[in-house]
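>>> Sequence and predicted model, in that order:
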2 protein chains.
Amino acid sequence: MAKNIVKPSILPGFMELLPADQILFNKMMDTIRHNYEKCGFIPLDTPTIEKSEILLAKGGGETEKQIYRFTKGDTDLSLRFDLTVPLARYVSQHFSDLTFPFRRYHMSKVYRGERNQKGRFREFYQCDIDIIGNGKLNVINDAEIPSVIYSTFKELGFEDFTIHINNRKVLNGFFASLNVDNKAEILRTIDKLDKIGLNAVIEELKSLGLDEERVNKIIGFIQIKGSNDEMLKSLEELNIENDEFKEGLKELSEVVYYIRCFKVPESNFIIDLTIARGLDYYTGTVYETILNNYPKIGSVCSGGRYDNLAEYYTEQKLPGVGISIGLTRLFYQLREANIIGENASSTLSQALIIPMGDECIEHSIKVASDLRENEIVCEIYFEDGKVGKKFGYADKLNIPYVILIGSDEINQNKVTLKNMSTGEQRTITLEEAMEVINNN
Amino acid sequence: MAKNIVKPSILPGFMELLPADQILFNKMMDTIRHNYEKCGFIPLDTPTIEKSEILLAKGGGETEKQIYRFTKGDTDLSLRFDLTVPLARYVSQHFSDLTFPFRRYHMSKVYRGERNQKGRFREFYQCDIDIIGNGKLNVINDAEIPSVIYSTFKELGFEDFTIHINNRKVLNGFFASLNVDNKAEILRTIDKLDKIGLNAVIEELKSLGLDEERVNKIIGFIQIKGSNDEMLKSLEELNIENDEFKEGLKELSEVVYYIRCFKVPESNFIIDLTIARGLDYYTGTVYETILNNYPKIGSVCSGGRYDNLAEYYTEQKLPGVGISIGLTRLFYQLREANIIGENASSTLSQALIIPMGDECIEHSIKVASDLRENEIVCEIYFEDGKVGKKFGYADKLNIPYVILIGSDEINQNKVTLKNMSTGEQRTITLEEAMEVINNN
């Protein structure tokens, strides 16, 4: 026996799933991947550990505080905190080997040493798509991204979700027209609307030194509501004489136009002037995605357009547009709310084969091989024990069928197939059994 | 423009692939996963970062030196260096929630700060399967593992590979019958046979203080060759009166018997008395897998039986058997030797849709949506430029078909489909085009 037992546990803030949940999680990953690939995004994988000087090239507040940074020998290393910085480094480094527009997806873990908090994770999956142009990138790409998200969330089983769309140039241009010079702070305040409410936003805007007229204009602006066409019309009617505003509005109109071409239903996307998505990153279209029955979860899929992805690594101008699903957090929230995970199975096996005695093992293996050759996922119960224990194994894992192999079955060249949910049991040929299992 | 450009690069010893290789790599991952799942192994995912006390519970030499270990706040953290220790921790921690035998696969990255060397990686994928019993585990499981490896390597496209099988009890019992007491050192010496050759092994055995008779017996033993049946017969005929030897030989015979039941051809597995697989870990069956045309690559898939997986984390006895494919190294070696990667495509797209003018974009998007609904992977070229540049994009990425959408096509409700390898171009209906693309 062991000398010193170390109590088995994982670090706080890390997610680890039991089999049923893991299978569910992987199915969601597969669905996302399927949709990303269908739209011609190619897979990318980058090292989890990079040079700190690469990951921190941009520098700045939260990132630097949260990053997992350490040394090995003389080297200053860090774990990536997102998949966007590695993408920027990748396209700069391999620029001459890539073909642009470069469409990639990347689904992998990232690391942030955040304060420990329910529903926040220090290791989590991001599922990203980005389209990177060389020098320039057509705004229609900004309309394709939401179409991929639409099909992804549909296939994930959601119906009532809305992709909220805005354009940073519209915001910037509007603020410029008001002659305010603390745009960044105003944006940050507006971004908090969902969290702190309208009155607190008004107070905060006032505290930024804005006079009442300007505060009223800003509040009026972010409260413009209506259908997408009504929103666009209202924005036109503001008659704002600012080039950036006009450019943003033109982009927003085009994005709406082409999203419709991509067959995204009107009920699944909406112009929302209150979303700004951080501060120094996005430069045009921005997205957030809300599950309408679970608004408290917040945005489950966000992103936008950036003018210059890789400015810290190359002189090349590489504009892009992309979006990210934070799958670990999304899964956790859906699971906590019991939206998913009811009656989830702890197995991929469609059948458990039980040999009724040692002399039946050889034939049981043959049956398993036949099933597997026909793409039926199965396993054989080899361990000793009473037959009840063996059925118990199938039961606990939720394996839908048991195939019993005894001497009678071998002599008749048949199998006994038991449907574990109905209890029905029949002795039939293997071919018939495979058909039943496949039609389940 | 940027302030300070940081030269984009990754750390030495880390693998990063260009799109064509990445697609190939992922296909290999998918093939492995398909075979693991078909045999009823369920997916597992554990945190990359664990408590150092967990990962280093066993302690010992190389591991401790190579591990990526660091602190965050007051916590002593490490990156996992394999997937077996996390599995041991997982089954101990979640023991009461799991059903045994517990069959899991895990395909993920592990980290070892090895000396920088061509073909050695500090971050690499392991693709593991293990079957863990509660208290005991039938030896037939030791025969199923090679059958999974056989089907996996077949589907990966290999024909001429051999799974080498041995049993540690056979080795231990044999050495015990010689009355030697430095078994561990002898095993370690034999394990080096492939690397250092027979003469060096003889010298090393002598230097361990073995007399000539014993050295000759050991050399005679590891040189027993022949078919599997001949090997088993030769081992029987040694008439070694040692219980461990007898038990090992019985297990080896059973494993050979059941591997045949699993339809693994005789040419793809062989008893090999020279493999020992490390020292203090495996207790019964051991495996190594050799690509016979590329023996220099070494074992591409290794593993074995262990009596007690989780002794550092629980009092439960959890015997298991498993195997691991080191995919990053395997991929690197195959790629270096040009065994794979010739004419690899840099895209998953089956078709590129080119709108012949802005007025054709809307219809092009409709065509793309139709293709995607029919599971044809495609993308649209939205950027400005001459048509030659657009075809160049398809060409560079190896996209097999281009679909041209001009006013004529829209008016006729047809598309022009160009086969990029033959140059053939036809104006046909979208349904016809989809059939051509699907039959490619």
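Great, that's in hand. Numbers count the residues shown, from 1 in each chain, chains lettered A, B, ... in the order given.
>>> Tell me where the model's unsure across the stretch 51-200 of chain A.
Low-confidence segments of the stretch 51-200 of chain A (pLDDT under 70): A:60-61.
>>> Chain B contacts on that one?
Contacts of the stretch 51-200 of chain A with chain B, taken as Cβ under 8 Å from any Cβ of the partner chain, map to A:51, A:53-54, A:57, A:68, A:70-73, A:75, A:77, A:89-90, A:92-94, A:97-99, A:101, A:103-104, A:109, A:111, A:113, A:122-123, A:133, A:136-138, A:140-141, A:144, A:147, A:151. Just so you know, the C-beta spots here come from the backbone N, C-alpha and C atoms, and that holds for glycine as well.
>>> Could I get the buried residue list for stretch A:89-99?
Neighbour counts using 16 or more other Cβ atoms under 10 Å in any protein chain shown place A:89-93, A:95, A:98-99 of stretch A:89-99 among the buried residues.
>>> quick one: which of those is nearest to B:Ile165?
Taking Cβ to Cβ as the measure, B:Ile165 lies nearest A:Tyr90 of the buried residues of stretch A:89-99, at 42.1 Å.
>>> helix/strand/coil for the nearest residue to A:Pro12 once chain neighbours are set aside?
Excluding its sequence neighbours, the residue lying closest to A:Pro12 (Cβ to Cβ, 6 or more residues apart in numbering or on different chains) is A:Asn116, at 5.1 Å. Following DSSP: H, G, I helix; E, B strand; the rest coil, A:Asn116 is assigned to coil.
>>> Spit out the contact partners of A:Asn116.
Listed by Cβ atoms under 8 Å, 6 or more residues apart in numbering or on different chains, the contact set of A:Asn116 reads A:12-13, A:122.
>>> how much space between it and chain B?
To chain B, A:Asn116 is 10 Å away according to Cβ to the nearest Cβ, to the nearest Å.
>>> A:Tyr287 looks like it's in a strand, true?
Yes - judged by three-state DSSP, A:Tyr287 forms part of a strand.
>>> Quick check: chain neighbours aside, which residue is closest to it?
Using Cβ to Cβ, 6+ apart and skipping the chain neighbours, the partner closest in space to A:Tyr287 is A:Gly303 (5.2 Å).
>>> Give me the average confidence score over the helix or strand harbouring the one you found.
Assessed by DSSP states H and E, A:Gly303 sits inside strand A:301-306. Averaging pLDDT along strand A:301-306 gives 96.
>>> The residue in the stretch 301-440 of chain A that chain B sits nearest to pairs with what?
Residue of the stretch 301-440 of chain A nearest chain B, by Cβ to the nearest Cβ: A:Glu379 (3.3 Å). Listed by DSSP bridges, the beta-bridge partners for A:Glu379 are A:Leu352.
>>> is it true that it touches A:Gln350?
No - if you go by Cβ atoms under 8 Å, A:Glu379 and A:Gln350 don't touch, sitting 9.8 Å apart.
>>> ok, these two, which is more surrounded?
The neighbour comparison of A:Glu379 against A:Gln350 (other Cβ atoms under 10 Å in any protein chain shown) goes to A:Glu379, with 27 against 19.
>>> pLDDT value on the more buried one, please?
In this model, A:Glu379 is scored at 98, pLDDT.
>>> In contact with it, which residues?
By Cβ under 8 Å, 6+ apart, the contact list for A:Glu379 reads A:349, A:352-353, A:368, B:39-40, B:103.
>>> now swap in A:Asp21 and tell me
A:331, A:335, A:341, A:344.
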